[in-house]
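> Using only what follows, build the 3D model:
(chains A and B)
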Number of protein chains: 2
Amino acid sequence: MTLAAAQSRYEAEVSRQWSAHPADGAHDLGHLRRVWTRAQLIALDEPCDMAVLLAACMFHDLVNLPKSHPDRARASTLSAEAACHFLRHDGFAVDKLSAVGHAIAAHSFSAGITPMTTEARVLQDADRLEALGAIGIARMFHVSGAMGGGLFHADDPMALHRPHDDRAYALDHIETKLLKIVQTMQTAPGRAMAAERAEWMLSFRTRLLREIG
Amino acid sequence: MTLAAAQSRYEAEVSRQWSAHPADGAHDLGHLRRVWTRAQLIALDEPCDMAVLLAACMFHDLVNLPKSHPDRARASTLSAEAACHFLRHDGFAVDKLSAVGHAIAAHSFSAGITPMTTEARVLQDADRLEALGAIGIARMFHVSGAMGGGLFHADDPMALHRPHDDRAYALDHIETKLLKIVQTMQTAPGRAMAAERAEWMLSFRTRLLREIG
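Numbers count the residues shown, from 1 in each chain, chains lettered A, B, ... in the order given. Take a look at the predicted model:
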């Protein structure tokens, strides 16, 4: 099966499983395709088993729990299990299943699992890039709207005189999480892309602060 | 009463009335203060009765109905009535009440009321600037998240081969509404600020499209 044929097949399965538990607007097929596109770019410098990488990219958010869900930290492990269950019955090479499962399980922040393979490192980087740059800004404010949070603290948007609170103020998320992502990148191409996106994100914040100041 | 004292008094009243009907995160005291700050900047070139302008700015969203509410088009008229009711009992100059009411009623898109006074034109411009620039981007994605919409169409983000649909895709809102705001600006300073913010907004979109492409 070609990668393109496999991708169509996986997208159909993700859509089917997601239709029972609709995800938020920041997690859709577009997100999966962008992660796969970027994973392929990173893999130019970090040679991967592309069948493993594709499956890991397309199924990494298969079980997608909201940030407030008590099982959130287990979502990537549950996704790995569900992905391997599907792939096993779909004729995927049995000796590669554990590589897919590990990449999926290790991609998540909250799981705290160290990526041990190139495919796992590439998926983690490709997924984390979605939190940076203009797409990161779009997702950050979108998620805060969906969760009922505010845009920023009206009197102290930079949190100079208060603790950060990214549940209450979307803008705080840049400092509490997004800028830290750059330090967690696993590959050289991922690090370079993350640094460029983080820099742009700071220019967005500077502009926003100027507009609201 | 100084303008600063009046502002504190009005903020307390808005907070009191809003506490019964919590608004979305894009409509808070910060929004009111930014509108007032920009209104004062515009008023440097468009002389206003500042007591009228302040009251209009602080109370313009007093009755804040969600975009999906059937009475949405009447929200600004209801805000004007509620503001005048409060101000009349608060000792506001009776001969200026109708000017406050008109500015508030006319600020809204959906009301379709033409602003007939300088204060009404300045408030409308100051409020519309909130939809442009980085703050416009933040609010656009935040509101779409709160309303359960998506970020953009995964296959056709620019709507080249489909009709625009800003209920479904936040990014469509730039084309369906935000860029049109520039043409509705009522004052010379407002027009200049709107043009600069719209240009930046397009650079945001270009960057986003590059990242997701």
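
> Can you name the residues that contact the most centrally placed residue in chain A?
Nearest residue to the geometric centre of chain A (Cα atoms, centre = their mean): A:Asp127, 3.5 Å. A:Asp127 is in contact with A:35, A:60, A:107, counting by Cβ atoms under 8 Å, 6 or more residues apart in numbering or on different chains. Placement of C-beta: from N, CA and C, glycine included.

> Quick check: buried residues in the host helix or strand of A:Gln40?
Using DSSP states H and E, A:Gln40 sits in helix A:29-43. Neighbour counts over helix A:29-43 (16 or more other Cβ atoms under 10 Å in any protein chain shown) mark A:30-36, A:38-40, A:42-43 as buried.

> Closest one of those to B:Cys48?
A:Gly30 (45.9 Å; Cβ to Cβ).

> any low-confidence regions in chain A?
For chain A, the stretches flagged by pLDDT under 70 are A:22-26.

> domains in it, as residue ranges please.
A:3-124, A:132-212 (automatic domain parsing).

> any chance of the ones you listed in JSON lines, plus distance to B:Asp90?
Converted to JSON lines, these look like this (distance: least, Cβ to Cβ, whole Å):
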{"stretch": "domain A:3-124", "distance to B:Asp90": "41"}
{"stretch": "domain A:132-212", "distance to B:Asp90": "23"}
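
> Which residues of chain A lie near chain B?
Proximity of chain A to chain B, by Cβ under 8 Å from any Cβ of the partner chain, involves residues A:24-26, A:28-30, A:33-34, A:133-135, A:137-155, A:170-171, A:197, A:200, A:204, A:207-208, A:211-212.

> if we can go back for a sec, before we move on, which element is the residue nearest to the centre of chain A in?
Assessed by DSSP H and E, A:Asp127 sits inside helix A:118-128.

> which residues of chain A fall in helices?
Using DSSP state H, the helices of chain A run over A:3-20, A:29-43, A:50-59, A:75-89, A:97-106, A:118-128, A:133-146, A:172-173, A:179-184, A:188-212.

> Of all those helices, which one is nearest B:Glu13?
Nearest to B:Glu13, of all these, is helix A:188-212, at 22.8 Å by Cβ to Cβ.

> Please state the offset of the closest one from the chain centre?
On the basis of Cα atoms, centre = their mean, to the nearest Å, helix A:188-212 sits 17 Å off its chain's mean C-alpha point.

> what's that helix packed up against?
The contact analysis (3 or more Cβ pairs under 8 Å, 6 or more residues apart in numbering or on different chains; DSSP states H and E) places helix A:188-212 against helix A:29-43, helix A:118-128, helix A:133-146, helix A:179-184, helix B:133-146, helix B:188-212.

> residues in contact with the residue nearest to A:Arg205 when sequence neighbours are not counted?
Once flanking residues are discounted, A:Arg205 sits nearest to A:Ile174: 6.0 Å by Cβ to Cβ, 6 or more residues apart in numbering or on different chains. Neighbouring residues of A:Ile174 by Cβ under 8 Å, 6+ apart: A:140, A:201-202, A:205.

> ok, and the most crowded of those?
Comparing the contacts of A:Ile174 by number of neighbours (other Cβ atoms under 10 Å in any protein chain shown), A:Met140 comes first, having 26 neighbours.

> Am I right that that one is in contact with A:Ala170?
Yes: counting by Cβ atoms under 8 Å, A:Ala170 is a contact partner of A:Met140 at 5.5 Å.

> Quick one: residues contacting A:Ala93.
A:Ala93 makes contact with A:Ala51, according to Cβ under 8 Å, 6+ apart.

> how close does it sit to chain B?
From A:Ala93 over to chain B the distance is 29 Å, taken as Cβ to the nearest Cβ, to the nearest Å.

> From A:Ala55, how far off is that residue?
Applying Cβ to Cβ, to the nearest Å, the value for A:Ala93 to A:Ala55 is 10 Å.

> Then A:His173?
Distance, A:His173 to A:Ala55, using Cβ to Cβ: 30 Å.
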